[in-house]
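Participant: how would this look folded up:
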Amino acid sequence: QVQLVQSGGGLVHNGGSLRLSCAASGFTLDYYAVGWFRQAPGKEREGISCISSSDGSTYYAESVKGRFTISRDNAKNTVYLQMNSLKPEDTAVYYCAAGVAGSYDYWGQGTQVTVSS
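Facilitator: Residues are numbered from 1 along each chain as shown. Down below sits the predicted model:
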C-alpha cells in the first residue's frame with residue numbers, strides 16, 4: 001500500500017522541541033520532494049518547509065526559519081522535521097506530502113502539535 005505515515009506529534013511547553021517523522025511505504029521516497037505543511041484552527045494551510053529529491057536543498061517559511069530543520073534519511077525512507085524553540089503559535093495539525101514536478105501526490109494522515117504557553 002502506497003502511503004505516508006506520520007509520527008511524533010504531541011503536547012509540549014513553550015520553548016520545547018518535537019521531531020516529526022514521515023515514513024513512506026510502497027514507494028521510494030528518494031525520488032520525491034517532501035514538504036511539511038500545517039493548518040491551525042480557522043486558518044489556511046501553510047507550507048512551512050520542503051526538501052528536494054535531487055540535491056537535498058531546503059526551504060523554510062519565515063515563520064519557522066532558524067527553529068525548524070528538515071532532513072531525510074533515504075535508508076529509512078523517512079523525512080524528519082525537527083522543531084525547536086516551539087511557540088504557542090506553532091500549534092496546528094502538521095502534514096507531510098511527497099511529490100514531483102511541483103505537485104504533491106501523497107499526503108500523510110496529519111499529526112497534532114500543541115504548544116502550551
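Participant: I'd assumed residue 80 was in contact with residue 73.
Facilitator: Yes - counting by CB atoms under 8 Å, residue 73 touches residue 80, with 7.2 Å between them. C-betas here are computed from N, CA, C, even on glycine.
Participant: Who are the packing partners of the lowest-mean-pLDDT helix or strand in the chain?
Facilitator: Every helix and strand of the chain was ranked by mean pLDDT, DSSP states H and E. The lowest is strand 103-107, at a mean of 94. With contacts defined as 3 or more CB pairs under 8 Å, 6 or more residues apart in numbering; DSSP states H and E, the packing partners of strand 103-107 are strand 3-7, strand 92-100.
Participant: Identify the neighbouring strands of that strand in the sheet and state each direction.
Facilitator: According to DSSP bridges, strand 103-107 has the following sheet partners: strand 92-100 (antiparallel).
Participant: could you give the angle of the strand it pairs with to strand 3-7?
Facilitator: 150 degrees (axes from the mean of the first three to the mean of the last three CA atoms, to 10 degrees).
Participant: May I have strand 92-100 exported as CSV, CA atoms only?
Facilitator: The C-alpha trace of strand 92-100 is given here as CSV (Å, rounded to 0.1, in the frame of the first residue of the first chain):
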residue,chain,number,x,y,z
ALA,A,92,-1.5,23.1,14.4
VAL,A,93,-2.1,19.9,12.6
TYR,A,94,1.1,19.1,10.7
TYR,A,95,1.1,17.2,7.4
CYS,A,96,3.8,15.8,5.2
ALA,A,97,3.5,15.4,1.5
ALA,A,98,5.6,13.9,-1.3
GLY,A,99,5.5,14.8,-4.9
VAL,A,100,7.4,15.5,-8.1
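Participant: before we move on, the earlier item: compile the helices and strands packed on strand 103-107 into a markdown table and extend it with columns for mean neighbour count.
Facilitator: A markdown table is the format used below for the helices and strands packed on strand 103-107 (neighbours: other CB atoms under 10 Å):
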| stretch | mean neighbour count |
| --- | --- |
| strand 3-7 | 17 |
| strand 92-100 | 21 |
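Participant: Can you tell me which of those is nearest to residue 27?
Facilitator: Comparing these against residue 27 with CB to CB, the closest turns out to be strand 92-100 (8.0 Å).
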